[in-house]
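>>> what follows is a protein structure lacking sequence information:
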């Protein structure tokens, strides 16, 4: 089931109504049943993978909880890692590894050809696998006690607002919430409704409207060039942001309607002043997961001392993983590698840049410096967009080649301006960025909520009917579902 | 508890307000939407039409045969009409109005058979009059058709900002120009004078043909076949049309699909289910003549006149229809 489907319009209120009507001790069962129903509407077979991931991590965590010595817990951690990562690799990455082996064999003149298996990737597997692994590692590290109730744990893995595309929650944050009797909280409920409205606006109006224009260019880049490709890449990154952050807002909003608080996943990423800041604002639960469970676990000492070079290498490795997590293609690996490289470059050149800013007196104009940093970061992020989406490096380089052909830039822009969806898309993106800036200024939310009810209702109705009139209602999937 | 009660009261007020606004928007849209106004004008004229109905033009806006030139005809086309809608409209005409056309003109371009065409039933705010959505839902085992019924009745404006905007532009459109149901071809632009013809050709081809996804397989033909069966049942002769298209459109269409193969398949399919049809192929009639087009895939009034006169002379010459 999709958040932006008619089914969800019925599913969510019914679930909420039942949730608050039944006694607390049965609520977890209701949510578990609702979550599995929500998930199995995709494909019944996918439920088996979800259940396996749940069972394995649950029982290994229980076992780890019984063992005092960390070293003895390791074998259970390895077991859960092997099974959960094994499933992820099998479903999502087998085709990549097969393709790579066959390609290398071809280069070396070997006749070996591994067979290709076209396996359907269970939706959400990248998200719930990381969630279960994170939980198992936390138990292994002794940071949390294992969840005793299987039902509550199964709900933690399959909770319908997050099972398809996150946020990737931590056990210590979400599991305790399932044990608390949530009485109806009108304030939290209203904030949930507002978030859903805003998420729907971003998804249905902005992302889906932009996708009409972006897909037209991305699917047939041969017919476009130069500035058109450049603008399409920028719009694609905006589309991905509106799509994924819209999804997250609906997920967080839906959970709030039930009284649960999920982790934020975005914090105005396009206002970042550096690539590392960008990643602390974009898909926050993924980057913090990789930071905690991968980056900090990589060896960083050389001859007993923390090695700066190793830290930089670890950064690149972590971001290669970020890229690879997104998709089993070399283009995504290049996407992660580029991001890692940009960060290493920023770290290495920091003293140089500080000197440069002092000499050019940029230091004395912090606003200008900030604007420059935001602009450069934005352009770098957009450049990485050439590798985010295409399923091969060739396609990415071909697109960059097309972008480099600036011979018809003037007429190219004029042609784009004839796309209604393009002009509307630009206006909507500007509105989205401006509105999110406003909301980030704390006093705005307070001021708005203290306005008379008639003004607030007028604003909500305006937003609602804007969505209805300008939205694209063709049940388009969320971009991040492919990951 | 009081806080909760107050909240639910406010929520109820909000929902009532939203429902009232939705009802108003829907009513205004249904009343003023330009295409709906055109279609209602056609409906009225068709009710008042009592001459011999020798020719009936059905289908989408590509079918621009002018019944005034042809004589004894009625133009009953609707923009973006798909065969499912055409079938139900014809069924309605035959069963409810007591009028029976002798011949029907219908366009049979690959665009009419694209996988996209089967999956869309646009303008349900108007088509709710003709379509049996419950029948469709049963036929396809797909509850999506009930949704079309729902949106047609309560949310016909949803997602249609372009048509709302268009309706504002054509707010003062002169509907008296519609004669015998024929909506005059658009003439406020001439394709020959447009500088970006290549892009426009690509855009239109992309919009309507990309759903073939390079397989060149016909989409669902269920309702096309039902249409043929209905014509057979009522002994109506079919004139299948391929209307002129621009060089630019055909260039990109040719890159996306195998036009020749699809044309053959369409004719083969028709031959299997219908023995009373003729094909009028004018697709290449205006190659190298963009001045006869309004846009990449629609001819202008001048083009319509030429094509319709040709059809008339062919019909007269061959004596296919006795006048």
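Arrived safely. Everything quoted here is computed from the prediction, not taken from an experiment.
>>> residue B:255 - that's part of a strand, no?
No. With DSSP: H, G, I helix; E, B strand; the rest coil as the criterion, residue B:255 is located in helix rather than a strand.
>>> which intervals of the stretch 51-200 of chain B have sub-threshold pLDDT?
Applying pLDDT under 70 to the stretch 51-200 of chain B flags residues B:118-119.
>>> please enumerate the strands of it.
Counting by DSSP state E, counting those that start in this stretch, the stretch 51-200 of chain B has these strands, from start to end: B:55-58, B:73-75, B:103-107.
>>> okay if I get the ones you listed as CSV plus distance to chain A and mean neighbour count?
From N, CA and C alone the C-beta is placed, and that goes for glycine too. Compiled in CSV, these are given as follows (distance: least, Cβ to the nearest Cβ, whole Å; neighbours: other Cβ atoms under 10 Å in any protein chain shown):
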stretch, distance to chain A, mean neighbour count
strand B:55-58, 26, 26
strand B:73-75, 28, 25
strand B:103-107, 25, 24
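>>> wait, which of these is closest to residue B:185?
Set against residue B:185 and scored by Cβ to Cβ, those come closest in strand B:73-75, at 10.7 Å.
>>> domains for the chain, by residue range?
No chain specified, so I'll use chain A. A:6-183, A:188-266+A:408-482 (automatic domain parsing).
>>> oops, chain B please
B:1-32, B:33-318.
>>> looking at those, which one is packed in the most?
Ranked by mean neighbour count, the domains of chain B are led by domain B:33-318 with a mean of 18 (mean count of other Cβ atoms under 10 Å in any protein chain shown).
>>> quick one: end-to-end length of that domain, please.
42 Å (Cα to Cα, to the nearest Å).
>>> same check on stretch A:298-311?
Stretch A:298-311: ends 9 Å apart by Cα to Cα.
>>> quick one on the thing from earlier: how about the domains of chain B in CSV, adding distance to residue A:370?
Below are the domains of chain B laid out as CSV (distance: least, Cβ to Cβ, whole Å):
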stretch, distance to residue A:370
domain B:1-32, 40
domain B:33-318, 36
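>>> follow-up on the earlier one: nearest to residue A:329, of the strands of the stretch 51-200 of chain B?
Nearest of these (Cβ to Cβ): strand B:103-107, 41.9 Å.
>>> quick one: residue A:276 and residue A:344 touch, right?
No. The criterion here is Cβ atoms under 8 Å, and residue A:276 misses it with residue A:344 at 10.0 Å.
>>> buried ones in stretch A:282-295?
A:282, A:283, A:284, A:285, A:286, A:287, A:288, A:289, A:290, A:292, A:293, A:295 (16 or more other Cβ atoms under 10 Å in any protein chain shown).
>>> just the ones of these in helices?
Of those, the ones assigned to helices by DSSP state H are A:284, A:285, A:286, A:287, A:288, A:289, A:290, A:292, A:293.
>>> and chain A, which residues reach chain B?
Near chain B, the residues belonging to chain A are A:6, A:184, A:186, A:189-190, A:216, A:219-220, A:223, A:411, A:414-415, A:418, A:420, A:453, A:457, A:460-461, A:464-465, A:468-473 when assessed by Cβ under 8 Å from any Cβ of the partner chain.
>>> residue B:277 is in contact with residue B:237, isn't it?
Yes. Residue B:277 is within contact range of residue B:237, at 6.9 Å (criterion: Cβ under 8 Å).
>>> which ones are touching the closest residue to residue B:235 other than its chain neighbours?
Excluding its sequence neighbours, the residue lying closest to residue B:235 (Cβ to Cβ, 6 or more residues apart in numbering or on different chains) is residue B:276, at 7.4 Å. Residues near residue B:276 by Cβ atoms under 8 Å, 6 or more residues apart in numbering or on different chains: B:231, B:232, B:235, B:236, B:237, B:238.
>>> how about the strands in the stretch 201-323 of chain B?
Using DSSP E, counting those that start in this stretch, strands in the stretch 201-323 of chain B cover B:237-242, B:277-281, B:293-295, B:298-299.
>>> rebuild these as TSV, extending it with distance to chain A and mean pLDDT.
Formatted as TSV, the strands of the stretch 201-323 of chain B follow (distance: least, Cβ to the nearest Cβ, whole Å; pLDDT from 0 to 100):
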stretch	distance to chain A	mean pLDDT
strand B:237-242	25	93
strand B:277-281	28	92
strand B:293-295	12	92
strand B:298-299	17	92
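>>> next, format these as JSON lines and append distance to residue A:49.
Formatted as JSON lines, the strands of the stretch 201-323 of chain B follow (distance: least, Cβ to Cβ, whole Å):
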{"stretch": "strand B:237-242", "distance to residue A:49": "50"}
{"stretch": "strand B:277-281", "distance to residue A:49": "53"}
{"stretch": "strand B:293-295", "distance to residue A:49": "49"}
{"stretch": "strand B:298-299", "distance to residue A:49": "50"}
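>>> quick one, which of these gets closest to residue A:204.
Closest among these, using Cβ to Cβ: strand B:293-295, at 28.5 Å.
>>> which residues does that closest one contact?
With contact meaning Cβ under 8 Å, 6+ apart, strand B:293-295 is reached by B:185-187, B:189-192, B:200, B:204, B:244, B:246, B:286, B:299-300, B:303.
>>> run a quick neighbour tally on residue A:138.
20 (other Cβ atoms under 10 Å in any protein chain shown).
>>> A helix includes it, no?
Yes. Counting by three-state DSSP, residue A:138 is located in a helix.
>>> residue contacts, the nearest residue to it once chain neighbours are set aside?
Closest residue to residue A:138 apart from its sequence neighbours, by Cβ to Cβ, 6+ apart: residue A:144 at 4.7 Å. For residue A:144, the contacting residues are A:135, A:138, A:171, A:172, A:175, by Cβ under 8 Å, 6+ apart.
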